[in-house]
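# The sequence isn't on hand, but the structure is:
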């Protein structure tokens, strides 16, 4: 038996990602996805964005773009459950081949990775308003059992990437960051505290049941889920409705096992109605006791029998209690006790009926409508949990399955491509952990009082995947590329592909193959295309390649050499530079910036620029994407080299260009990179840039004819 893992938390995921340490890369998975919430709340917390997304939208979007250039983020989401509205250039991959149902976040930091794996989608409800169950693990790179789990996670995310059909640069960076910090693979000396299970290759439930000891006898099963056998629009046949429970019970001896099932319930009311019936008229039904504390709280109970001295009742956990009759009657007179709402919940009526006939069944309700800090709130139950209590020769133990799967065959038992893609953690705990202990806010409800209704599931939505495989924008070449499906719907239909207010293409039928749109401007307000096919309108996320080269703010013209020298040598601030560039005129063939330098900038100004770039590259706090950003950004090393070349014949002669170019190379070659886990990768990126500049400098090599000393300088620079 492994040691007890870090505790599970029913709490806001947003509270858990706001770590003070920097995030190097992040990958998220979700079924439903709300870009506005993800950007305004999750990314704002993760990337520590300071601008308000509502009051200072432009600043927020520019700050977000800049942060994503140094901290890559990818989201894998279900094609049919996402909403439009992506603005920031994180990678969003939509998966349409299978129902994509995982909910996880993996954040790579300097000395650990943070894993959140649970039930919450990337929406306001999933990350705050609902009652979700998250397993939050701080995985150390140097701990053997954590390293095993991290390797399993990276392999599974690679499989998710394959399912999306596209390569993710953000995932590649996360894999590189984590792999560079892990020790060589070896078998752990202690049993793992938890195991990763997913349905990418095999059903989850059989893999979970294999973890139970061979001599285990099942004594109790607890299930908590918003949906059971009907967890989506595809209902199963009636004879399969108890498949998950039956599969667990068949796996080990289970005579007399107790079953616990939890359901989401409206709860309440939170205050007494106008007329309260006498307690004696409603025996065996659920009541509310509003306790006047600061803040007030609610207790649920079920009265059973009056005696001369007391009221016998069952508390919220189903345990028998007594209440002094005088106190109970006084509470009724003070309107502090009143009937609860009817015990109506979403759930499988047939499953509960069958289980009541065959087993000892206890049913529980989670009150969604409740008091928190004295205020009424609604927190629907969305947590998913299976707890199997067993007895072995070593004693009692509980095996937990927590994550994204509902208690259904489609989530846990069906193999192959018809099954949902689900992720879960399996945990082993010493002792008996029953459902009411794991979720103490549950309220016991007698099965004969429970009224279950079938939830309404939305009809499948039309997605862009019917016509378009992907869309990507290359920030270096400024090309937008759209891959239309080679074999789309057979029936022709008029279409229009647009970006914001511009039509990119239109016609009587969607095209096939690759469509390339040159000189595309990716605006800060949108990172998705609009596809209209007859009456259907869908959004297509744009994946941005070479994100480090993306211009954060659109300028009337790019920075010329004088502007770069002024900015990087600290002669002028960014705000003033933008103003001057926006105001520059060409009346006299000179930039307004020349006023900063008199007759022109000096070699000292150029060397200061080179040294400033070198200091940025040598910063030990700079991650590899941030390092790459200094090389590729519009004010970075390659931009400076391009500006030097474009100044030929103007500010610079061929000899000056050659000299400055090699001084740039030399400043990069003598750079002392910090000795960290990213040093080899940074050195490789830097060497590629140096090699490129060196090769392009050859054509500008000065002639030594008539000037023998020039040959010595050429040899000096190699």
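Done, it's in. This structure is a prediction, so every number in the text was calculated from the model and none was measured.
# Distance of residue 284 relative to residue 403?
Plainly put, residue 284 is 37 Å away from residue 403 if you go by CB to CB, to the nearest Å. No exception for glycine: its C-beta is placed from N, CA and C like everyone else's.
# Between these two, which has more neighbouring residues?
residue 403 (28 against 12; other CB atoms under 10 Å).
# Look at residue 319 and report its pLDDT.
The model reports residue 319 with a pLDDT of 93.
# now residue 707
Residue 707 carries a pLDDT value of 55.
# before we move on, what about residue 275?
pLDDT, residue 275: 92.
# residues of stretch 509-523 that come out buried?
Neighbour-count burial for stretch 509-523 flags 510, 515, 517, 520, 522 (criterion: 16 or more other CB atoms under 10 Å).
# Least confident of the residues you listed?
Minimum pLDDT across those falls on residue 510, with 91.
# Please tell me how far it sits from residue 486.
Distance, residue 510 to residue 486, using CB to CB: 11 Å.
# Which parts of the stretch 51-200 of the chain are helices?
57-70, 144-164, 169-181 (DSSP state H, counting those that start in this stretch).
# mind checking which of these is nearest residue 649?
Nearest to residue 649, of all these, is helix 57-70, at 32.5 Å by CB to CB.
# what's the spacing between that closest one and its chain's center?
Here the centre of helix 57-70 is set off from its chain's centre by 18 Å, with CA atoms, centre = their mean, to the nearest Å.
# Check stretch 494-510 too.
Worked out by CA atoms, centre = their mean, stretch 494-510 lies 31 Å from the chain centre.
# Next, the distance between the ends of that stretch.
End-to-end distance for stretch 494-510: 7 Å, by CA to CA, to the nearest Å.
# ok, residues contacting that stretch?
With contacts defined as CB atoms under 8 Å, 6 or more residues apart in numbering, stretch 494-510 is touched by 467-468, 480, 482, 484, 488, 492-493, 511, 515, 517, 520, 523, 525-526, 529-534.
# Try it again at 10 Å.
Stretch 494-510 has contacts (CB atoms under 10 Å, 6 or more residues apart in numbering) with 464, 466-468, 471, 473, 480, 482, 484-485, 488-489, 491-493, 511, 515, 517, 520-523, 525-534, 536-537, 540, 542.
# Bridge partners for the nearest residue to residue 360 once chain neighbours are set aside, pull those for me.
Of all residues not flanking residue 360 in the chain, residue 258 sits nearest, at 4.9 Å (CB to CB, 6 or more residues apart in numbering). As for beta bridges, residue 258 partners with residue 220, residue 360 under DSSP bridges.
# do you know how far residue 258 is from residue 433?
Distance, residue 258 to residue 433, by CB to CB: 13 Å.
# What of residue 169?
Applying CB to CB, the value for residue 169 to residue 433 is 42 Å.
# quick one, which of these two is more surrounded?
Using other CB under 10 Å, the more surrounded residue of residue 169 and residue 433 is residue 433, with 21 against 18.
# Who's the closest spatial neighbour of that one, skipping the chain neighbours?
residue 398 (4.0 Å).
# My read is that the one you found contacts residue 385, right?
No. Assessed by CB atoms under 10 Å, residue 398 is found out of contact with residue 385, at 11.1 Å.
# what about those two, which has more around it?
For residue 398 versus residue 385, neighbours defined as other CB under 10 Å are more numerous around residue 385 (24 against 20).
# Quick check, pLDDT for the more buried one.
pLDDT recorded at residue 385 is 95.
# Contacts only, for it.
By CB under 10 Å, 6+ apart, residue 385 lies in contact with 8, 10, 118-119, 133, 222-225, 262, 400-403, 405, 407, 424, 435, 438-439.
# how far away is it from residue 434?
Using CB to CB, residue 385 is found at 11 Å from residue 434.
# which neighbours do the two share?
Residues touching both residue 385 and residue 434 by CB under 10 Å, 6+ apart: residue 222.
# can you confirm residue 614 is in a helix?
Yes. Counting by DSSP: H, G, I helix; E, B strand; the rest coil, residue 614 is found in a helix.
# and it, what does it touch?
Contact partners of residue 614, counting by CB under 10 Å, 6+ apart, are 630, 637, 664, 667, 668, 670, 671, 672.
# With residue 221 instead?
Listed by CB under 10 Å, 6+ apart, the contact set of residue 221 reads 244-245, 248-249, 254, 257-261, 359, 386-390, 434-435.
# Narrow those residues to those in helices?
Among the contacts of residue 221, the members falling in helices are 244, 245, 248, 249, 435 (criterion: DSSP state H).
# Most neighbours among those, please name it.
residue 244 (26 neighbours).
# Looking at the buried residues of stretch 509-523, which are in strands?
Those of those mapping onto strands are 515, 517, per DSSP state E.
# So which of the buried residues of stretch 509-523 is the closest to residue 104?
Using CB to CB, the buried residues of stretch 509-523 come closest to residue 104 at residue 522, 28.5 Å.
# Was I right to think that closest one contacts residue 542?
Yes. If you go by CB under 10 Å, residue 522 and residue 542 touch, sitting 7.0 Å apart.
# Touching both of these two, which residues are there?
Contact criterion CB under 10 Å, 6+ apart; residues shared by residue 522 and residue 542: 89, 473, 480, 499.
# which residues of the stretch 601-718 of the chain fall in strands?
Using DSSP state E, counting those that start in this stretch, no strands are assigned anywhere in the stretch 601-718 of the chain.
# quick one, helices of it?
Remark: helices assigned in the stretch 601-718 of the chain by DSSP H, counting those that start in this stretch are 603-618, 624-632, 637-646, 654-669, 679-697, 708-716.
# of the ones you listed, which approaches residue 365 most closely?
Closest approach to residue 365 among these is made by helix 624-632 (47.7 Å; CB to CB).
# What is the neighbour count of the residue nearest to residue 84 when sequence neighbours are not counted?
Residue nearest to residue 84 in three dimensions, not counting chain neighbours: residue 539, with 3.9 Å by CB to CB, 6+ apart. The tally of other residues near residue 539 (other CB under 10 Å) stands at 19.
# Tell me which strands the helix or strand harbouring residue 539 pairs with, and in which orientation.
If you go by DSSP states H and E, residue 539 is part of strand 536-545. With DSSP bridges as the test, strand 536-545 is paired with strand 468-474 (parallel), strand 528-533 (antiparallel).
# Low-confidence ranges, the stretch 51-200 of the chain, go.
Within the stretch 51-200 of the chain, the stretches with pLDDT under 70 are 188-191.
# list the contacts for residue 208?
Counting by CB under 10 Å, 6+ apart, residue 208 touches 195, 197, 247-248, 251, 386, 388, 399-401, 405, 412, 424, 426.
# how is this protein carved up into domains?
23-192, 204-266+347-360+371-453, 279-339, 464-549, 561-716 (automatic domain parsing).
# what's the span of the second one, first residue to last?
With CA to CA as the measure, the first residue of domain 204-266+347-360+371-453 is 27 Å from its last.
# still on that earlier bit, between the strands paired with strand 536-545, which gets nearest to residue 693?
strand 468-474 (21.4 Å).
# Identify each buried residue in the helix or strand following the closest one, please.
Counting by DSSP H and E, the element after strand 468-474 in chain order, helix or strand, is strand 479-484. The neighbour-count check on strand 479-484 (16+ other CB under 10 Å) flags 480, 481, 482, 483, 484 as buried.
# what comes up buried for the next helix or strand after strand 479-484?
Downstream of strand 479-484, the next assigned helix or strand under DSSP H and E is strand 495-499. For strand 495-499, burial by neighbour count (16+ other CB under 10 Å) applies to 495, 496, 497, 499.
# Let me see the mean pLDDT of strand 495-499.
The average pLDDT for strand 495-499 rounds to 96.
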